[in-house]
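>>> What shape does this take:
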Amino acid sequence: MENTNTISVNPFAKTSGKGKDIKETAVVGITQIAVLLIIAILVVILGIIIFQGRDKFSWEFISSFPTDGMTKGGIFPALIGTFILVIVMSFAVVPFGTITAIYLTEYAHEKSKFAAAVRFSIRTLAVVPSIIFGLFGLGFFIQFVGSGMDSAFNGGELRWGQPNILWASLTMALLTLPVIIVSVEESLKTIPRELREASLALGATKWQTIKKVVFPGSISGIMTGTILAVSRGTGEVAPILFTGAAYYLATLPGSLSDQFMNLGYHVYIMSTQSSDVEKTMPIQFATTLVLLILTLSLNLVAVVIRSRIRRKAK
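Below you'll find the model as predicted:
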């Protein structure tokens, strides 16, 4: 009888301990080099900004208005304008993005064509250049919505049909909307399905289950999305070029229908439109430093809130 015995080979069997150790060491070394490279780039960027802007950076620079063609004085209007922009943007985008994510995760059927269209729209918005959002804000919010509001409520007097901080904030909200939706949706998916089923089995309605079980467990994801949105919204300039940012204002915005100065736009103006770029270089770096501090401060507040919510949930 013919011998049909065969020898099975395990492709994952240890062939050479020394060779495997060398490969593992090489992989670990490459990953460590990549991490160190990222940290080094961050340190170099921060170092250049701090070194170049250290002489100009002061409390007077932060708390005073620019003077003498913006070559002297401070950036207080731009700081306040940026802060208001981020706050209004957050109040607009976080609730809307959260509601959309809840619908997609909790209410929409897996094979729903409408939900598929919504997700396709979200992915498309995420890759649209930011300058396109600025042009959209100009055409829709200012020329259509704003002009319509002036015609209906102000007797044609120009108030909302012009660039202002509200339209700039809403335009920025559209830019950061995909970030919020994706972050919240992924957070909602981490809630075990068994918790939902147990809540429904005890007699709770769909909304009560979302309100008492799903939503509290996803608060950290909502805050994470908010942090990412704030980080992007604070530094973006293109969407507000046509919708509200001003070259120079001697006063602070008194209402949402006023234009405003912005830190990112201020840096852009100082570096491209100044008659003496070299003279304004310290102002550019000091303004950038303030912008970084503002962004980190807003993110830190969101991180602290998220940490407290997590501790209470535990």
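
>>> Measure how buried the residue nearest to Gln259 when sequence neighbours are not counted is and give me the count.
Nearest residue to Gln259, sequence neighbours excluded (Cβ to Cβ, 6 or more residues apart in numbering): Ala246, at 4.2 Å. Just so you know, the C-beta spots here come from the backbone N, C-alpha and C atoms, and that holds for glycine as well. Under the neighbour criterion other Cβ atoms under 10 Å, Ala246 is assigned a count of 21.

>>> now do Pro163
Pro163 - counted by other Cβ under 10 Å - has 23 other residues nearby.

>>> immediately after the helix or strand harbouring Val35, which helix or strand?
In this structure, Val35 sits in helix 17-53 according to DSSP states H and E. Per DSSP H and E, the first helix or strand lying C-terminal to helix 17-53 is helix 59-63.

>>> Helix, strand, or coil at Ala250?
Three-state assignment for Ala250 (DSSP: H, G, I helix; E, B strand; the rest coil): coil.

>>> how about the nearest residue to it once chain neighbours are set aside, what does it touch?
Spatial nearest neighbour of Ala250, chain neighbours left out: Phe65 (6.5 Å); criterion: Cβ to Cβ, 6+ apart. Phe65 makes contacts with Gly73, Gly74, Phe76, Pro77, Ala250, as judged by Cβ atoms under 8 Å, 6 or more residues apart in numbering.

>>> still on that earlier bit, do you know how far the residue nearest to Gln259 is from Leu289?
Applying Cβ to Cβ, to the nearest Å, the value for Ala246 to Leu289 is 22 Å.

>>> And the pLDDT for Met149?
Note on Met149: pLDDT of 91.

>>> Which stretches in the stretch 151-300 of the chain count as strands?
With strands called from DSSP state E, counting those that start in this stretch, the stretch 151-300 of the chain shows none.

>>> got any ranges where it has weak pLDDT?
275 (pLDDT under 70).

>>> For it, which segments count as helices?
Using DSSP state H, counting those that start in this stretch, the helices of the stretch 151-300 of the chain run over 165-189, 193-201, 206-209, 215-217, 219-235, 263-272, 277-313.

>>> so which of these comes closest to Gly148?
helix 165-189 (12.8 Å; Cβ to Cβ).

>>> Ranking by neighbours, what's the top pick from the contacts of Phe65?
Using other Cβ under 10 Å as the neighbour criterion, Pro77 leads these with 24 neighbours.

>>> So the nearest residue to that residue once chain neighbours are set aside versus Ile269, what's the distance?
Leaving out its chain neighbours, the residue that sits closest to Pro77 by Cβ to Cβ, 6+ apart is Met261, at 4.4 Å. Going from Met261 to Ile269 by Cβ to Cβ gives 9 Å.

>>> okay, those two: which has more neighbours?
Higher neighbour count among Met261 and Ile269: Met261, with 26 against 21, using other Cβ under 10 Å.

>>> give me every residue that touches the more buried one.
Counted by Cβ under 8 Å, 6+ apart, Met261 has contacts Ile75, Pro77, Ala78, Gly81, Ala245, Ala246, Tyr248, Leu249.

>>> at 7 Å instead, please
Contact analysis of Met261 by Cβ atoms under 7 Å, 6 or more residues apart in numbering lists Pro77, Ala78, Gly81, Ala246, Leu249.

>>> Quick check on it: phi, psi?
phi -90, psi 150 (degrees, to the nearest 10).

>>> how close does it sit to Gly225?
Applying Cβ to Cβ, the value for Met261 to Gly225 is 27 Å.
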